[in-house]
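Trainee: sequence-free structure coming up:
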Ligand SMILES: NC(=O)c1ccc[n+]([C@@H]2O[C@H](COP(=O)([O-])OP(=O)(O)OC[C@H]3O[C@@H](n4cnc5c(N)ncnc54)[C@H](O)[C@@H]3O)[C@@H](O)[C@H]2O)c1
C-alpha cells in the first residue's frame, strides 16, 4: 500500500481527500496541529473511511518535531500539502502570521522531502493567484495577476518556491492544483466543513445564515460589473476536488523522475453569482436565506471561473457535481451536526 503524508489532513479539503485516498487503497499519515480544526474530526474520518486515522498534532513551523514524524515514515511516496491559513480578510488584517505560517511551513516540508528523498508533492494552490482577470475562463496559461491579498501572495510564492525546488532537486516531481471555490460535504452527510473562526467562504456562511435564520450575513457588494452586481465564483464539490488529488498522486507516481512541476486548474468551469448561490440555497433547503447588502470587501476579485481542460486531458478528471449538489450535501451535513449540538 502506498503511503502518502498529508499536511492539514484534519482540515476541510485534507479530511475529504484522506477519505478518498483511503477508499482508493492509499495509506494516509496526517500532520495537523489543529490550529484551524478540531480533534473531533478524527472520529468522523474514521467513521466514513472505516479505518483508524493517524494524525500527528505537529506545527509544520516546528522543524524538529516535523523531522521526528518523517523519521517514522521515510517510506512515504508523496506529500499532499494542505496545511495553511486561508482567510483573505484575516490575511489583510494580519499579514505576518500568514507569511510566517504558510511560507515557513512549506519550506520546512520541502526540506524534509529533500532529506528523506520523498519524490512527489502536491500543493494546494488557489485561483486567487490569477488576481483580477481580464479574460474568462482562466486557463493555466492565463497571466498571474497582482496578488489581491497577503493570502494570495503566499500561494503565488508557494508555487514559485516549489518550482525552484523541483528544478534544483533531481528526480522530484510536483503538481500545483489551483482550486477554485470548494464546497459541500461527503455524500454520506457524516463528514463536512467544520469552519473554526473568521468564516469567509460563502457556502458555510450560507449554511449558517439559513440554519440560524439570523440576518448576520452580508453580501459584500452588489455593484460589481456582473449580471446581478455580485461577485462570480466557480464552486467545486469537495469530493470532485478530493478526486483530483487522488488522480494527481497517481499521475505523479506514473511519471517517475521526470522533474515535472505541472499546474492544473480544478474548478467546474461555471460561474455562479452570490445572489444565484443564495437562490440555490433556498431551493436546496426549502428555507429563506436572510441577508443584507454590505460594501465591497478588500481582496475580493470580481469574477473568476476555470478552464479545466488540462486536468481533464492529463489527469482524466471530470467534475461530477454542480452547485445544487454542493448545497444539498452541505445541508445534509449541517443537519447531521445539529443532531449532536442539541
Ligand atoms: N477552502 C478553500 O476555499 C480553498 C481554496 C483554495 C485553496 N485552498 C487551500 O487549500 C488548503 C486547505 O484548505 P482547507 O479549506 O482545507 O483549510 P482548513 O483550514 O480547513 O484546513 C487547513 C488545516 O491545516 C492545519 N494547519 C494550518 N497551518 C498548520 C501548520 N503550520 N502546521 C500544521 N497544521 C496546520 C489546520 O489546523 C487545518 O486543519 C489550504 O492551503 C488553502 O489555502 C483552500
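Mentor: Okay, I see it. Everything numeric in this text was worked out from a predicted model, so none of it was measured. Residues are numbered from 1 along each chain as shown.
Trainee: At which residues are the helices of the protein located?
Mentor: If DSSP state H is used as the criterion, the helices of the chain fall at 12-23, 41-49, 63-72, 88-93, 95-98, 104-115, 150-168, 202-212, 238-254, 274-285, 309-314, 323-341.
Trainee: and those helices, which is most packed in?
Mentor: helix 12-23 (a mean of 25; mean count of other C-beta atoms under 10 Å). C-betas here are computed from N, CA, C, even on glycine.
Trainee: packing partners for that helix?
Mentor: Judged by 3 or more C-beta pairs under 8 Å, 6 or more residues apart in numbering; DSSP states H and E, helix 12-23 is in contact with strand 3-7, strand 27-31, helix 41-49, helix 238-254.
Trainee: name the helices or strands packed onto the first one?
Mentor: The one in question is strand 3-7. Contact analysis of strand 3-7 by 3+ C-beta pairs under 8 Å, 6+ apart lists helix 12-23, strand 27-31, strand 78-81 as its packing neighbours.
Trainee: I'd like the average pLDDT over the longest one.
Mentor: Looking back up the chat, that one is helix 12-23. Throughout helix 12-23, pLDDT has a mean value of 98.
Trainee: what angle do it and helix 238-254 make?
Mentor: Put simply, helix 12-23 runs at 60 degrees to helix 238-254, going by axes from the mean of the first three to the mean of the last three C-alpha atoms, to 10 degrees.
Trainee: Need the per-residue pLDDT for the closest residue to residue 84 other than its chain neighbours.
Mentor: Distances taken as C-beta to C-beta, 6 or more residues apart in numbering put residue 102 closest to residue 84, at 4.5 Å, once the chain neighbours are dropped. Listed pLDDT for residue 102 reads 98.
Trainee: likewise residue 257?
Mentor: Note on residue 257: pLDDT of 66.
Trainee: same deal with residue 273?
Mentor: Residue 273 is given a pLDDT of 98.
Trainee: what's the burial count for it?
Mentor: A count of neighbours around residue 273, defined by other C-beta atoms under 10 Å, yields 20.
Trainee: same check, this time on residue 169
Mentor: Neighbours around residue 169, by other C-beta under 10 Å: 16.
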